[in-house]
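Trainee: heads up, no residue letters with this:
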């Protein structure tokens, strides 16, 4: 092997070993919890607290199941997410109680994640931590 090729291979290997965890592909597997807010289209913003579980279906696809509680209600929803690039997941959610569906976006940074939800019925956000 030519010395320049050896040097380039060594540099590439070192870069992969030293790659910060925040730049590596995130995994959602497991349980997360945290709080945020929901804003119904025709209502007042309400604080919520959630427990969320993600299960890996394939290298890039996860299911999500969430139970959230506010001062006035408990909400259960499920969905599917696709990893579109390292640390970014997008997909759809469905809430059977209210026959509501929409889009979900998850950005993972280490042991925390920021989640945004949007539908024709309202929107919401969460900040979750690994449990």
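Mentor: Received, thanks. Predicted model only: the values in this text are computed from it and were never measured.
Trainee: just for this protein, where's the confidence low?
Mentor: 1-25 (pLDDT under 70).
Trainee: show me the helices in it, by range?
Mentor: Under the criterion DSSP state H, helices of the chain are mapped to 3-18.
Trainee: quick check: the residue nearest to residue 111 when sequence neighbours are not counted vs residue 113, distance?
Mentor: Leaving aside its chain neighbours, residue 111 sits nearest to residue 130 (4.5 Å; criterion: Cβ to Cβ, 6 or more residues apart in numbering). C-beta here means a position set from N, CA and C on the backbone, and glycine is covered the same way. Noted for residue 130: a distance of 8 Å to residue 113, by Cβ to Cβ, to the nearest Å.
Trainee: more crowded one of these two?
Mentor: residue 113 (22 against 16; other Cβ atoms under 10 Å).
Trainee: so what's that one up against?
Mentor: 28, 32, 106, 107, 127, 128, 129 (Cβ atoms under 8 Å, 6 or more residues apart in numbering).
Trainee: at 6 Å instead, please
Mentor: By Cβ atoms under 6 Å, 6 or more residues apart in numbering, the residues touching residue 113 are 106, 128.
Trainee: same thing with residue 116?
Mentor: Applying Cβ under 6 Å, 6+ apart, the residues near residue 116 are 105, 125.
Trainee: bridge partners for it, pull those for me.
Mentor: residue 105, residue 125 (DSSP bridges).
Trainee: ditto for residue 49
Mentor: residue 35, residue 69.
Trainee: number of nearby residues for it?
Mentor: The burial count for residue 49: 13, using other Cβ under 10 Å.
Trainee: ok, it touching residue 34?
Mentor: No - taking contacts as Cβ atoms under 6 Å, residue 49 lies outside contact range of residue 34: 7.5 Å.
Trainee: what's the nearest residue to the residue most central in space within the chain if we skip its chain neighbours?
Mentor: Compute the mean C-alpha point of the chain, and by Cα atoms, centre = their mean the closest residue is residue 106, 3.0 Å away. Nearest non-adjacent residue to residue 106, counting by Cβ to Cβ, 6+ apart: residue 89, 4.2 Å away.
Trainee: okay then, goodbye and thanks.
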